[in-house]
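**Student:** Need coordinates for the below:
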Amino acid sequence: MPIRRISAADAYGTLKTNPDRDWPRRDDPANRFAHFADPSFKPRFMLEPGQRIFTIGSCFARGIERTLASRGFDIPTLTLQVDKTGWSGDPTTILNNYVPPAIAPQIRWAFDLDEFDIQRHAVEVAAGRYMDPQLTLGFRPVSAEALIRRRDDISAIYRHLASSHVVLITLGLIEAWFDNRSGLYINCPPPKGIVRTDPSRFELHVLDYEDVTRSLADLVDLLGQVCPRDHRIILTVSPVPLQATFTSSDVAVANCYSKSVLRAAVEPFVADHPHIEYFPSYESVVLTDRSIAFVDDQVHIETSMVRFNVDRMINRYVATGDATVANVIASAREDAAAGRFPAGLKRLQRAWASDPASPDLTVALARAHLRAGGGAAAEGLLLKQLETQENVAARSLLARHYNETGRHEEAALHAEKACEHGKARLDASLQRVEAYYHLGRFEEGLAVLDKIRWPLERKSLLLHWKARYCERLGRPADAEAFWRECNGLVEIPAYMAGFAEFLAAHDRWPEAAEWVDRALLLDPNETTALRLRAEIRRARLPVRRAGTAAPFAERPLQSAVRWSTALIRRAVGKA
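**Tutor:** Residues are numbered from 1 along each chain as shown. Have a look, this model is predicted:
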């Protein structure tokens, strides 16, 4: 039976009005699948800041709840306290639920709709020592009294459902272990020792679509009994794959079946129940490059990916007030500053898709694409903007991109056009200076430098470029003076290494070595300084170990003595 019936006219109407009806091109600036994939969805209700959200599911749900808590939501599952003598891991993993049919019994026990019976529902692994198969692996066997206390603590957490207006359920997998004694599905494989001593108690069930929809129907009805009348349910499918399969299939094939069944089972509930939504976190993760979505075990999800999905959930479900262009750009900057750059990029993409004519949004989105390595998308955005409207910021940003990619002729052209306008010329002038330097137009570049009104905080950059230009123009004395003034203003390893390179080019290796050391003390990975040090070592000339030098006033004389001795020895060796 179809889950939706849509007339032909309505279907064609939806096709016409749905902005996400087809796949975007890879170079589309609004490509929602670039970097972290962001499949669109349209919430039917909103979340309120600080609202209580009850999370149910596997380890992906645990990651979601921690991020939700950091964003100000009330997450009762995080209040669980676990006895460390029985479990030394993350306490919240005690609440992991992996298979859909294993969720409902936990709720029934919590609300006294069923009774937890240690003889039926627990496993005695040794005399007087029990394990609870509804918990994740790793808990040590405990006494009956300790197991009951732990079960009471878990039930106390589940009773928060009575005051939770939102329930977020993450469905995990469909390779489910069934306990023939209790008649329930459990959350972990049975111990091998129990399988040997009682081989008929447990069996593995690979669930099908009907099994999952039946368990979801039971769960939805149960939540309707215990939650507030106006509660909402957000269903997701965990992108965390099977770590291993108990079947004979390749784990990738078994996982594909597992996730496909779960994802298909969710859709009828979303179609039939207005209080149930599907949040596409599964699609977001699996459509993102695995090298950035998963950690090295290829199973668990990168924290940044989890945070991104929670951020996009909050951005869609929580009203953000006046979404002006300035506010959108400011919010994207705040996201980036807080370590949520992908969320900021997606915020800009959505805003630009609604207002592609905005020059400010265009430049902000292009800047974000450049930061994310999307040079082609940024270039297309900026060129399209310049076709319709002159924009100094767009030309300056485009010139910077061309300089960074070695296209200096184009960089010079756009920087020159930007400088024809009286406003915001500093960035454009900087790009002219860099382009002219690489093009060998040294006289022109120095003339630009002399005309720029530099703010005090940028003076060191001015001196750096003047030093480089004077060196190219055969004015070493002026170059050295500018280098020394530049390095006297700030301690920037790149400037120190640049001065060392200048000294080395003039065979002043002892002084160059001193500046190499100073640069590497501040940045051990400064590439120019490392290259110069390698040249010094290949020449078998002594270098001072970082951090072991005499006071600075004594270094030049001592260094010169060492270097003179080394040069004499080399000369004697050649004689």
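
**Student:** secondary structure element for Val167?
**Tutor:** strand 166-171 (DSSP states H and E).

**Student:** And Ile3, by the same measure?
**Tutor:** Counting by DSSP H and E, Ile3 is part of no helix or strand.

**Student:** That one and Gly339: what is the separation?
**Tutor:** 39 Å (C-beta to C-beta, to the nearest Å). Just so you know, the C-beta spots here come from the backbone N, C-alpha and C atoms, and that holds for glycine as well.

**Student:** For the lengthiest helix in the chain, which helices and strands make contact with it?
**Tutor:** The longest helix of the chain (DSSP state H) is helix 251-272. With contacts taken as 3 or more C-beta pairs under 8 Å, 6 or more residues apart in numbering; DSSP states H and E, helix 251-272 sits against strand 166-171, helix 209-226, strand 232-237, strand 276-278.

**Student:** For that helix, buried residues please.
**Tutor:** Neighbour counts over helix 251-272 (16 or more other C-beta atoms under 10 Å) mark 251, 254-255, 257-259, 261-263, 265-266, 268-269 as buried.

**Student:** same question for stretch 306-319, mean pLDDT?
**Tutor:** Mean pLDDT, computed over stretch 306-319, is 82.

**Student:** Check what contacts it and list those residues.
**Tutor:** Residues external to stretch 306-319 that are found in contact with it (C-beta atoms under 8 Å, 6 or more residues apart in numbering): 36, 38, 41, 43, 45-49, 60, 63-64, 67-68, 71, 279, 281, 284-285, 335, 339-340, 342-343, 346-347.

**Student:** and the longest helix of the chain, how far out from the chain's middle?
**Tutor:** Taking C-alpha atoms, centre = their mean, to the nearest Å, one finds helix 251-272 lying 26 Å from the centre of the chain it belongs to.

**Student:** export it as PDB, just CAs?
**Tutor:** Taking only C-alpha atoms (Å, rounded to 0.1, in the frame of the first residue of the first chain), the coordinates of helix 251-272 have been written out as PDB:
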ATOM      1  CA  VAL A 251      29.800  -6.200   6.900                       C
ATOM      2  CA  ALA A 252      29.200  -3.500   4.200                       C
ATOM      3  CA  VAL A 253      26.500  -5.500   2.600                       C
ATOM      4  CA  ALA A 254      24.900  -6.400   6.000                       C
ATOM      5  CA  ASN A 255      25.100  -2.800   7.100                       C
ATOM      6  CA  CYS A 256      23.400  -1.600   3.800                       C
ATOM      7  CA  TYR A 257      20.500  -3.900   4.400                       C
ATOM      8  CA  SER A 258      20.300  -2.900   8.100                       C
ATOM      9  CA  LYS A 259      20.200   0.900   7.400                       C
ATOM     10  CA  SER A 260      17.900   0.500   4.400                       C
ATOM     11  CA  VAL A 261      15.300  -1.400   6.400                       C
ATOM     12  CA  LEU A 262      15.400   1.100   9.200                       C
ATOM     13  CA  ARG A 263      15.200   4.100   6.900                       C
ATOM     14  CA  ALA A 264      12.300   2.600   5.000                       C
ATOM     15  CA  ALA A 265      10.400   1.700   8.200                       C
ATOM     16  CA  VAL A 266      10.600   5.300   9.400                       C
ATOM     17  CA  GLU A 267       8.800   6.900   6.400                       C
ATOM     18  CA  PRO A 268       5.300   5.600   7.000                       C
ATOM     19  CA  PHE A 269       5.300   7.000  10.500                       C
ATOM     20  CA  VAL A 270       6.300  10.400   9.300                       C
ATOM     21  CA  ALA A 271       3.600  10.300   6.600                       C
ATOM     22  CA  ASP A 272       0.800   9.100   9.000                       C
END
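
**Student:** Between helix 209-226 and it, find me the angle.
**Tutor:** With axes from the mean of the first three to the mean of the last three C-alpha atoms, to 10 degrees applied, the angle from helix 251-272 to helix 209-226 works out at 50 degrees.

**Student:** How far off centre is stretch 21-37?
**Tutor:** 17 Å.

**Student:** So the closest residue to Ser331 other than its chain neighbours versus Glu471, what's the distance?
**Tutor:** Counting by C-beta to C-beta, 6 or more residues apart in numbering, Ser331 lies nearest to Arg347, which is 6.1 Å off, once chain neighbours are set aside. With distances taken as C-beta to C-beta, Arg347 is found 45 Å from Glu471.

**Student:** Compare the two and say which one has the larger neighbour count.
**Tutor:** Under the criterion of other C-beta atoms under 10 Å, the comparison of Arg347 against Glu471 puts Arg347 first, with 26 against 21.

**Student:** what residues are up against the more buried one?
**Tutor:** Counting by C-beta under 8 Å, 6+ apart, Arg347 has contacts 315, 328, 331-332, 335.

**Student:** can you check His205 too?
**Tutor:** By C-beta under 8 Å, 6+ apart, the neighbours of His205 are 175-178, 185, 211.

**Student:** Going by secondary structure, it is in what exactly?
**Tutor:** Using DSSP H and E, His205 falls in strand 202-206.

**Student:** how about that strand: buried residues?
**Tutor:** Neighbour-count burial for strand 202-206 [16+ other C-beta under 10 Å]: 202, 206.

**Student:** That one vs helix 209-226, what angle?
**Tutor:** Counting by the same axes, to 10 degrees, strand 202-206 lies at 100 degrees to helix 209-226.

**Student:** Okay, now the sheet partners of strand 202-206, with direction.
**Tutor:** Sheet pairing of strand 202-206 (DSSP bridges) gives strand 175-179 (antiparallel).
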